[in-house]
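[1] Here is the input, now give the coordinates:
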Amino acid sequence: FLGELPADSGRVRLSWEDWVSGGITVRDDNPHYLWLYPENAVIIADKIAGRLAYLDPAHSDYYYARLREFKSKIKRLIDWINEYTMMNGVRGEKIVLGGAHFQPIAEAMGLTVIATIIRGEGKLPSSTELNNIVEKVKKEKPSIILVLVSQRTGDEGRIAEMVSRETGVPVAYAYAIMFNGNDTYIEFIKYTVTSITGSIIVGREGNYNSTQSININILMASYIILLLLLGVETIILVRR
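    Down below sits the predicted model:
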């Protein structure tokens, strides 16, 4: 998707230049906007449908019908994000990003990013920059520091934990790509939004130990297990 396709691949090529010419929203050349900013998904799908219709004109009606269906789903998804974030009171909430990956979804959720620790591949902050981030976090009091799950033990996770210890703001982890290959795009965006929302709610209420990070998936799993155990115990007591 960054224009690095093999030279001899395919009859029709689609890459970064096509998405840009289609009018996608991208800030700071951040490629994560392709899939973490739902409005872009429609533009990309439109380009793909057009090329498929070009390759297979006999079935062009089918491709464009599927495109209309997808556009309708994305419209409902965007409405759902707006309603869900408003209902949970997180729109406008201040957060810090461990890396630039989640900038698009933060924007889609109406969150306010006060700082990004690592702004790109290999762009580690200097000691001065890091001190400035720490001071800004102390002043602005964001709810969470959001970090990519796969970077938990990498530079992003390590530096985010340092900032957390200095400021008392918890680190939350989320996925920037589909957790499972069978997940649909809609499912992926929804569980990412709910995960980040849940982390913000826990973080801003201060129900955490600043030396511990928040993993909303673990919290939810623990809660479900607790409910199941309570259910089993209730059944046993009733039968007795």
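[2] Listing request: residues of this protein with sub-threshold pLDDT.
    Along the chain, segments meeting pLDDT under 70 span 1-6, 207-240.
[3] What segments of it are strands?
    Listed in chain order, the strands of the chain (DSSP state E) span 94-99, 112-118, 144-148, 171-174.
[4] Just say which of those strands is most tucked in.
    By mean neighbour count, with neighbours taken as mean count of other Cβ atoms under 10 Å, strand 144-148 ranks first of the strands of the chain at a mean of 28. Glycine gets a C-beta too; all of them are placed from N, C-alpha and C.
[5] Does anything pack onto that one? Which helices or strands?
    Judged by 3 or more Cβ pairs under 8 Å, 6 or more residues apart in numbering; DSSP states H and E, the packing partners of strand 144-148 are strand 94-99, helix 155-167, strand 171-174, helix 185-204.
[6] would you list these in JSON lines and tack on distance to Thr25?
    Shown next, in JSON lines, are the helices and strands packed on strand 144-148 (distance: least, Cβ to Cβ, whole Å):
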{"stretch": "strand 94-99", "distance to Thr25": "17"}
{"stretch": "helix 155-167", "distance to Thr25": "24"}
{"stretch": "strand 171-174", "distance to Thr25": "20"}
{"stretch": "helix 185-204", "distance to Thr25": "15"}
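[7] what about the closest residue to Asn82 other than its chain neighbours, neighbour count?
    Distance criterion Cβ to Cβ, 6 or more residues apart in numbering; nearest residue to Asn82, sequence neighbours excluded, is Gly110 at 7.6 Å. A count of nearby residues for Gly110, using other Cβ atoms under 10 Å, gives 14.
[8] Longest helix in this structure, please.
    Assignment by DSSP state H gives helix 60-87 as the longest helix of the chain.
[9] before we move on, back to that, and the helices and strands packed on strand 144-148: which comes nearest Tyr62?
    Tyr62 sits nearest to helix 185-204 of all the helices and strands packed on strand 144-148, at 19.4 Å, using Cβ to Cβ.
[10] what's the angle between that closest one and helix 60-87?
    Interaxial angle of helix 185-204 relative to helix 60-87 (axes from the mean of the first three to the mean of the last three Cα atoms, to 10 degrees): 10 degrees.
[11] name the helices or strands packed onto helix 185-204?
    Secondary-structure packing of helix 185-204 (3+ Cβ pairs under 8 Å, 6+ apart): helix 33-36, helix 60-87, helix 103-108, strand 144-148, strand 171-174, helix 216-239.
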